[in-house]
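A.B. asks: Model the following, please.
(one chain, ligands or ions: 1)
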Amino acid sequence: MEQYASVLNVHGRKKSLETTLALIRTFADTLCLHRQASIQGGHFQVIPSAKFSDLEDASVLITGGGSGIGAALTEGFALQGSKVAFIDIADEPSRELCDRVEKSAGRRPLYLNADLRDIDALRAAVTAASEAHGPITVLINNAAYDQRHTVDAVTPDFWDENQAINLRPHFFTAQAVAPGMKKAGKGSIINFTSTSFMMNNPDMPSYTAAKAGIIGLTKGLAGRLGYDGIRVNAVAPGWVITERQRKLWVTQASLKAHVDKQSIHQVMYPDDLVGPCLFLASDAARMVSAQTLVVDGGYL
Ligand SMILES: NC(=O)c1ccc[n+]([C@@H]2O[C@H](COP(=O)([O-])OP(=O)(O)OC[C@H]3O[C@@H](n4cnc5c(N)ncnc54)[C@H](O)[C@@H]3O)[C@@H](O)[C@H]2O)c1
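C.D. replies: Prediction:
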């Protein structure tokens, strides 16, 4: 562009061209980048530039919202002006997140300490969130436990425990929020699945079974709850580099091999899931239901 500018300057048009170029850059930033990236205190943050006005003051509940992708969602919705509650068992990161989000978004999320495997505790947390913020109109079932396991090591108890965090809460949170959404006349439920089961991942058959089940659950709930104006969709991330992934499984070689196979050759971070979830949560996706949105940098 600069080369073209100097060429055109010969014809005495540099000033107006510079103005045009500035406009084009602003336009390109808005259209193509659609987000601002910044490093804040070592925390990589991608803030979607889009503002969804219907999410302002919306009552949003996120499971596992205290760390990993969930923490990015908690912050992302708070930055939209939503009233965010999240359920988690990880106490320290959850409290730290509340302090950070209060500073960045000017609004403190409500942290509810509960083990999602305990259905009574799950129900009590949903009630507490609705009492604090009004009927929940956006539910994000994000919590999971991606513990690796071999086929031989799986016992019936292990299997049940694994499903008790990776699949069962998705149903019971939906069941608990549905009456409030029905009353509100609308609702968006977003269930986190994973591309791992579509890639024949060999390291966690119970987890991948749950993740495939989530798509069936999403479609079954969408068909039923759609009568009440409630949309139910799934989001399937590819490999997202969270602190936990970094600590346990990321090596330079494995990450490079994965990113090389993506269409977009960039590492994916928790914040990259924020925009897709905001879209599915908002009225912008009014007629989108029973779908799975794959967010994997174009791996599949
Ligand atoms: N990170 C990835 O590469 C990746 C890839 C595909 C799908 N996903 C999916 O995205 C979602 C988020 O993944 P993540 O990598 O951020 O996970 P994570 O393990 O980093 O975070 C999960 C959160 O859930 C909480 N949690 C776990 N068990 C709980 C329980 N019993 N009760 C309450 N809270 C509990 C944890 O404390 C944590 O805050 C999951 O559904 C996961 O399956 C992640």
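
A.B. asks: Tell me the first helix or strand C-terminal of the helix or strand Ile189 falls within.
C.D. replies: Using DSSP states H and E, Ile189 sits in strand 187-192. Using DSSP H and E, the helix or strand that follows strand 187-192 in sequence is helix 205-225.

A.B. asks: now the angle from that next one to strand 187-192?
C.D. replies: Helix 205-225 and strand 187-192 are oriented at 160 degrees to each other (axes from the mean of the first three to the mean of the last three Cα atoms, to 10 degrees).

A.B. asks: Flag every buried residue along helix 205-225.
C.D. replies: By 16 or more other Cβ atoms under 10 Å, the buried positions in helix 205-225 come out as 205-215, 217-219, 221-222, 225. Placement of C-beta: from N, CA and C, glycine included.

A.B. asks: got it, and stretch 123-143?
C.D. replies: Under 16+ other Cβ under 10 Å, the buried positions of stretch 123-143 are 125-126, 128-130, 133, 135-143.

A.B. asks: Contact residues of the stretch 201-300 of the chain facing the ligand?
C.D. replies: Counting by Cβ under 6 Å from any ligand atom, the stretch 201-300 of the chain comes close to the ligand at 237, 239-240, 242, 244-245.

A.B. asks: Take the residues you listed and keep only those in strands.
C.D. replies: Here DSSP state E is the test, and these give Pro237 as lying in strands.

A.B. asks: Report the two of the residues of the stretch 201-300 of the chain next to the ligand separated the most.
C.D. replies: Largest separation among those by Cβ to Cβ: Pro237 and Arg244, giving 13.4 Å.

A.B. asks: more neighbours, those two?
C.D. replies: In this view Pro237 and Arg244 are compared by other Cβ atoms under 10 Å, and Pro237 has more residues nearby, 22 against 12.

A.B. asks: Could you tell me which residues make contact with the more buried one?
C.D. replies: 69, 192, 194-195, 268, 273, 295-296 (Cβ atoms under 8 Å, 6 or more residues apart in numbering).

A.B. asks: residues near Gly180, how many?
C.D. replies: For Gly180, the neighbour count with other Cβ under 10 Å is 19.

A.B. asks: On the three-state scheme, it is what?
C.D. replies: Using DSSP: H, G, I helix; E, B strand; the rest coil, the structure places Gly180 in helix.

A.B. asks: Skipping adjacent residues, who's closest to it in space?
C.D. replies: Spatially, and ignoring its direct neighbours in sequence, Gly180 is nearest to Pro135 (3.3 Å; Cβ to Cβ, 6 or more residues apart in numbering).

A.B. asks: Just to check, that neighbour is in contact with Lys182?
C.D. replies: No - assessed by Cβ atoms under 8 Å, Pro135 is found out of contact with Lys182, at 9.1 Å.

A.B. asks: tell me which element Gly70 is part of?
C.D. replies: Using DSSP H and E, Gly70 sits within helix 68-79.

A.B. asks: relative to strand 187-192, how tilted is that helix?
C.D. replies: Using the same axes, to 10 degrees: helix 68-79 against strand 187-192 is 150 degrees.

A.B. asks: Give me the helices and strands touching the helix or strand following helix 68-79, please.
C.D. replies: Remark: after helix 68-79, the chain's next helix or strand is strand 83-88, criterion DSSP H and E. Under the contact criterion of 3 or more Cβ pairs under 8 Å, 6 or more residues apart in numbering; DSSP states H and E, strand 83-88 touches strand 59-63, helix 68-79, helix 91-105, strand 110-113, helix 119-133.

A.B. asks: right, so of the ones you listed, which gets closest to the ligand?
C.D. replies: Proximity to the ligand (Cβ to the nearest ligand atom) singles out helix 68-79 among those, at 2.3 Å.

A.B. asks: need the contact list for the nearest residue to Ser194 once chain neighbours are set aside.
C.D. replies: Nearest residue to Ser194, sequence neighbours excluded (Cβ to Cβ, 6+ apart): Lys211, at 4.4 Å. Going by Cβ under 8 Å, 6+ apart, Lys211 touches 166, 193-194, 196-197.

A.B. asks: What distance do you get for Lys211 to Asp91?
C.D. replies: Look at Lys211 and Asp91: by Cβ to Cβ, to the nearest Å, they are 26 Å apart.
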